[in-house]
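S.K.: Prediction below, plus the sequence it came from.
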Amino acid sequence: MKTVDSEKIASCVQECFMLSLDDRLTIDEQKQMNVLGKRLRGHLINLLSATFDDGVKEVEAANKQLQAVNQQLSDTNEVINKVAATVKTVTKLVQTLDNLLTMVARFV
């Protein structure tokens with residue numbers, strides 16, 4: 001008997017809900033992640049006790065897809081964090097250059 005990997009579904013649910021609260025996403029993206037998280041949570045509840053015959057290849061495919069989606073959600077979060085860090089770095093650079101321009105203006 002085969003089952004869908006409920007831990008991976010739960011991880012997807014958690015990541016979707018976390019992204020739905022992330023202010024770095026647009027409001028529409030946050031809403032969409034919230035809806036997807038709710039749908040996945042519903043699937044999780046329904047699939048917790050479901051078992052499939054060993055010959056059902058769709059279970060294996062679903063588990064592989066869950067693994068890939070979990071990785072992509074994790075990667076997305078890392079990319080968002082890198083963008084935020086890059087914005088901070090560029091902001092510091094602009095401030096430094098602003099200070100240099102102030103120094104140049106004093107000598108002109």
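M.R.: That came through, no problem. Numbers count the residues shown, from 1 in each chain.
S.K.: host element of the residue most central in space within the chain?
M.R.: Nearest to the centroid of the C-alpha atoms of the chain, with distances taken as Cα atoms, centre = their mean, sits L73, at 3.7 Å. The secondary structure element spanning L73 is helix 57-107 (assigned by DSSP states H and E).
S.K.: Distance from that helix to the middle of the chain?
M.R.: Average the C-alpha atoms of helix 57-107, do the same for its chain, and the two points are 12 Å apart (Cα atoms, centre = their mean, to the nearest Å).
S.K.: And for stretch 28-46?
M.R.: Centre-to-centre, stretch 28-46 and its host chain are 13 Å apart (Cα atoms, centre = their mean).
S.K.: what does that stretch contact?
M.R.: Contacts with stretch 28-46, where a contact means Cβ atoms under 8 Å, 6 or more residues apart in numbering, come from S6, I9, A10, C12, V13, C16, F17, L19, S20, L21, D22, L25. Backbone N, C-alpha and C define where each C-beta goes, glycine included.
S.K.: Neighbours of A50, how many?
M.R.: The criterion is other Cβ atoms under 10 Å. On that basis, A50 has 13 neighbouring residues.
S.K.: nope, V4 is what I meant
M.R.: Once other Cβ under 10 Å is used to define contacts, V4 is seen to have 20 neighbours.
S.K.: doesn't L47 make contact with it?
M.R.: Yes. V4 lies in contact with L47 (Cβ atoms under 8 Å); the separation is 4.7 Å.
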